[in-house]
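A.B. asks: Here is a sequence with its predicted model. Questions after.
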Amino acid sequence: MLRREHSDLLTQTGPDTPMGRMFRSYWIPALLAEELPENECPPVRVKLLSERLLAFRDTEGRYGLIDEFCAHRGVSLWFGRNEECGLRCPYHGWKYDVTGQCIEVPSEPEESGFREKIKLKSYPLVKRGNVLWTYMGPPEQQPPLPEWEFIMVPPKQTFATKRFQDCNWLQAMEGGIDSSHVSFLHRGDLNSDPLFKGAAGNRYNLSDSRPVFEVVESPGGLYIGARRNAEDGNYYWRITQWVMPSFTMIAPRGQHSVHGHFWIPIDDEHCWTWSYDYHPIRELTTRETAAMRAGRGIHVKYIPGTYQPLANKDNDYLMDRFAQKAGMTYSGVESIGIQDASLQESMGPIVDRTKENLVSTDNGIIMARHRLLKAVKALTDKGVVPPGVDPVHQRVRSAAVILPPDQPFKDGAREALIVRPEVAPASV
Amino acid sequence: MISQSALMNSAAEARFRLQQPNSKPRATKVIAMDVAGEEIVRRLAAEAWNGATFLTASALSHGSERRADGWLRDLEGRARDLIEEVNAADVVVMIATPGGRAGAAAFIGEACSHKRVMTTALISGAGTASDEALSLTLAQLRPWSLMVVVASVDDYIPDLLTALRA
């Protein structure tokens, strides 16, 4: 269980909340680059950390993320005209640039200087990889740009998607570091999913469905190790990275691409679940990207033209009781991402953690909450920059390795757990 | 027609969740594996808990390696019977420190395994420990722990015990 005041502290991310200030310490993914595909393309409504914003790409390719509403009469600038290096409100023609600066007020004399007094709140929006990133904190504290490996490799080596999720970010993220659910909810996918099957290490998973977990603090968050018996008394380790506040990288399988997530609050009752796949040393194959686009692996199928999953709460996630009974899927819901989302959303918009009964295997979740609370307090009380802001904390990898039984995995897999350019991921 | 999930996942429907308790108090045994661990356990025991029991096996860790009676004690120094303690436990949390001898883990783990009681091992103070010291302790704890946590400092333990409703 978690005390209500602690749960409230971690789940509320609006402006002027402690956790909101912490999220505003990081560069966070705001949009896929495909959402603003060309100069002067239509603007996109963006809601992040309970703030209504508008993203657009101007005539010269500059990205902007500004207050959604015109300073004049409060009209949504989503209706605006993206033209000649600015976004023009269609109501009375006020025009803004990518910094939110008003650059034209047609009704006022140019010489009056009135337009210079009008400026919408704006945040930087920067393309790295296939993702547009924003930083919503104080400009004077803006950290270096993000350096997650999946956005630093060449474009053909990486693939990212996002999906709307109908619950608070924390319960979605906690699902991502809850390794013990995999043996139940996702059983079967290991053998059938083209993005997982065929790895040599899968035999350890299949022969031992009750791994022993080990949670170790890392500079940026946690290493979450799942240990199974291997040959000659050694252990097969699958080590997942969690980096604060909400990044995970799941241990790789064989030569498959590496994958993981970000969970970013839209508001306190909704979040974006970002999913990425990449390979550090090779291009993704046509077959792999086709599988990802088809919703395999950790990706999902969409309602066309949206980032809303095709299987969602409005259609009961396409629950198939026959498949559940026949063992084709464990929960009756298809696809790993939707299996997770269906259960996390069923908890309600913000789960009541005072009623939960955690057990030993939930230590990853307990430790993550502990670290988040500690970081929030340090930021609030002393202005300490939270873990995960420093790009060094971002240059990490997950790993699947075989180690002697007495070796700490953070020691035995030390090199495997950091980015090494041109070196393949440590995987079995 | 609106789906069941769309209707029931809403904040409005969350108001109708049953408010009765959904669990009974559980018995948590917190056992120090070494002298440094005992200091941590003594500090923890001074706080208010929901019936958690605090014990120490440090006598075995820095004394004889041979199994002997009387190595499991409460914090007043009274001998406690391992089997009785395990029989009454829902979960056993072993508190160790890097480089500490955690020889009691084998006896505790064996008893817990026999009674199918969950074991968690927590190594505290790993932030400044050498890999060798950590290896020494891990080697003793891993075979007998179904969950291992390596924490940099001991401020995690109260959060862990609270989360487990200890």
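C.D. replies: Alright, I've got the coordinates.
A.B. asks: from what I can see A:Leu185 touches A:Asp340, true?
C.D. replies: Yes: applying C-beta atoms under 8 Å, one finds A:Leu185 in contact with A:Asp340, separated by 7.3 Å. For the C-beta atoms, the positions are set from N, CA and C on the backbone; glycine is no exception.
A.B. asks: per-residue confidence for the closest residue to B:Leu7 other than its chain neighbours?
C.D. replies: Closest residue to B:Leu7 apart from its sequence neighbours, by C-beta to C-beta, 6 or more residues apart in numbering or on different chains: B:Glu13 at 6.6 Å. B:Glu13 is assigned 91 on the pLDDT scale.
A.B. asks: Is B:Glu13 in a helix, a strand, or coil?
C.D. replies: With DSSP: H, G, I helix; E, B strand; the rest coil as the basis, B:Glu13 sits in helix.
A.B. asks: Phi, psi for the residue of chain B found nearest chain A please.
C.D. replies: Nearest residue of chain B to chain A, counting by C-beta to the nearest C-beta: B:Ala139, 3.5 Å away. Note on B:Ala139: backbone dihedrals following degrees, to the nearest 10 are phi -60, psi -30.
A.B. asks: neighbours around it, how many?
C.D. replies: B:Ala139 has 16 neighbours, counted by other C-beta atoms under 10 Å in any protein chain shown.
A.B. asks: Next up, the contacts around it.
C.D. replies: When contacts are counted by C-beta atoms under 8 Å, 6 or more residues apart in numbering or on different chains, B:Ala139 touches A:405-406.
A.B. asks: just to revisit the earlier point, so which of A:Leu185 and A:Asp340 has more stuff around it?
C.D. replies: More neighbours surround A:Asp340 than the other of A:Leu185 and A:Asp340, with 24 against 20 (other C-beta under 10 Å).
A.B. asks: And the residue in the stretch 51-200 of chain A that chain B sits nearest to, how close does it get to A:Asn312?
C.D. replies: In the stretch 51-200 of chain A, the residue that lies nearest chain B is A:Asp166 (6.5 Å; C-beta to the nearest C-beta). Computed as C-beta to C-beta, to the nearest Å, the A:Asp166 to A:Asn312 distance reads 8 Å.
A.B. asks: Tell me the buried residues in stretch A:248-264?
C.D. replies: Across stretch A:248-264, burial judged by 16 or more other C-beta atoms under 10 Å in any protein chain shown covers A:248-253, A:256-264.
A.B. asks: mind listing the helices for chain A?
C.D. replies: All helices of chain A, identified by DSSP state H, fall at A:4-11, A:18-23, A:149-152, A:169-176, A:182-185, A:189-192, A:202-207, A:286-293, A:321-326, A:336-346, A:363-382, A:391-394, A:409-412.
A.B. asks: For the most centrally placed residue in chain A, which non-adjacent residue is closest in space?
C.D. replies: When C-alpha atoms, centre = their mean is applied to chain A, the residue found nearest the centroid is A:Phe262 (1.3 Å). In this structure, A:Phe262 finds its nearest non-sequential neighbour in A:Trp274, 3.9 Å apart by C-beta to C-beta, 6+ apart.
A.B. asks: Give me the pLDDT for that neighbour.
C.D. replies: 98.
A.B. asks: What is the least confident helix or strand in the chain?
C.D. replies: Since no chain was named, I'll use chain A. helix A:189-192 (a mean of 78; mean pLDDT, DSSP states H and E).
A.B. asks: wrong one, chain B
C.D. replies: Least confident helix or strand of chain B, by mean pLDDT, DSSP H and E, is helix B:58-62 with a mean of 78.
A.B. asks: immediately after that helix, which helix or strand?
C.D. replies: Sequence-wise, the next helix or strand downstream of helix B:58-62 (DSSP states H and E) is strand B:73-74.
A.B. asks: buried set for the next helix or strand after that next one?
C.D. replies: Using DSSP H and E, the helix or strand that directly follows strand B:73-74 along the chain is helix B:82-87. For helix B:82-87, burial by neighbour count (16+ other C-beta under 10 Å) applies to B:82, B:85-86.
A.B. asks: Mean confidence (pLDDT) on helix B:82-87, please.
C.D. replies: 96.
A.B. asks: Identify all contacting residues around it.
C.D. replies: B:29, B:53, B:55, B:72, B:92, B:107-108, B:111-112, B:114-115, B:117.
A.B. asks: can you do 7 Å?
C.D. replies: Contacts to helix B:82-87, defined as C-beta atoms under 7 Å, 6 or more residues apart in numbering or on different chains, come from residues B:29, B:55, B:72, B:92, B:107-108, B:111-112, B:115, B:117.
A.B. asks: low-confidence ranges in the chain?
C.D. replies: Picked chain A for this. For chain A, no stretch has pLDDT under 70.
A.B. asks: Please refer instead to chain B.
C.D. replies: B:61-68.
A.B. asks: ranges for the strands of it?
C.D. replies: In chain B, the strands defined using DSSP state E lie at B:28-32, B:53-56, B:73-74, B:91-96, B:118-124, B:147-151.
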